[in-house]
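Peer 1: The sequence and its predicted three-dimensional model are supplied below.
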Amino acid sequence: MLSTHFSEQSEKLEALCRRFGVRSLELFGSAAMGTDSSGAGDLDFLVEFRPDPPGGYAEAYFGLLESLTELFGRRVDLVVTAAIRNPYFLEAIQRTRTLLYAA
């Protein structure tokens with residue numbers, strides 16, 4: 001169950017995704033399951049960028065990372081879907097992933 005905080009920030013989140021050339025953005029982990037009751041843990045995001053994000057890949061990745069950290073006021077882990085090689089990690093993500101944005 002997603003926190004209402006994500007719903008409240010949906011317009012800003014969509015604007016960030018468009019700005020940085022995001023194809024899809026998903027939340028996973030404790031925040032996606034609703035078990036982060038303190039709101040003090042980090043936020044885990046899974047991202048897929050368009051083939052040629054505006055400003056280049058590095059600018060898109062680090063710009064999105066910084067912007068998400070600022071938007072939610074919490075530490076953010078940003079994982080690129082294509083970079084996942086560990087099948088056990090991917091399986092763990094699959095159990096909790098929740099779509100926040102899709103272009």
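Peer 2: Happy to help now that I have it.
Peer 1: Quick check: phi and psi at the nearest residue to I84 once chain neighbours are set aside.
Peer 2: The shortest distance from I84 to any non-neighbouring residue, by Cβ to Cβ, 6 or more residues apart in numbering, is to L90 (5.1 Å). The C-beta positions use only the backbone N, C-alpha and C, and glycine is treated the same way. As for L90, its main-chain torsions (degrees, to the nearest 10) stand at phi -60, psi -40.
Peer 1: Spatially central, which residue of the protein would that be?
Peer 2: In the chain, the C-alpha nearest the mean C-alpha coordinate belongs to F45, at 2.7 Å (Cα atoms, centre = their mean).
Peer 1: Show me where this protein has its strands.
Peer 2: Taking DSSP state E as the criterion, the chain contains strands spanning 22-28, 43-49, 76-80, 98-102.
Peer 1: starting at the chain centroid, how far to the last one?
Peer 2: Read that as strand 98-102. Averaging C-alpha coordinates over strand 98-102 and over its chain gives two centres that are 8 Å apart (Cα atoms, centre = their mean, to the nearest Å).
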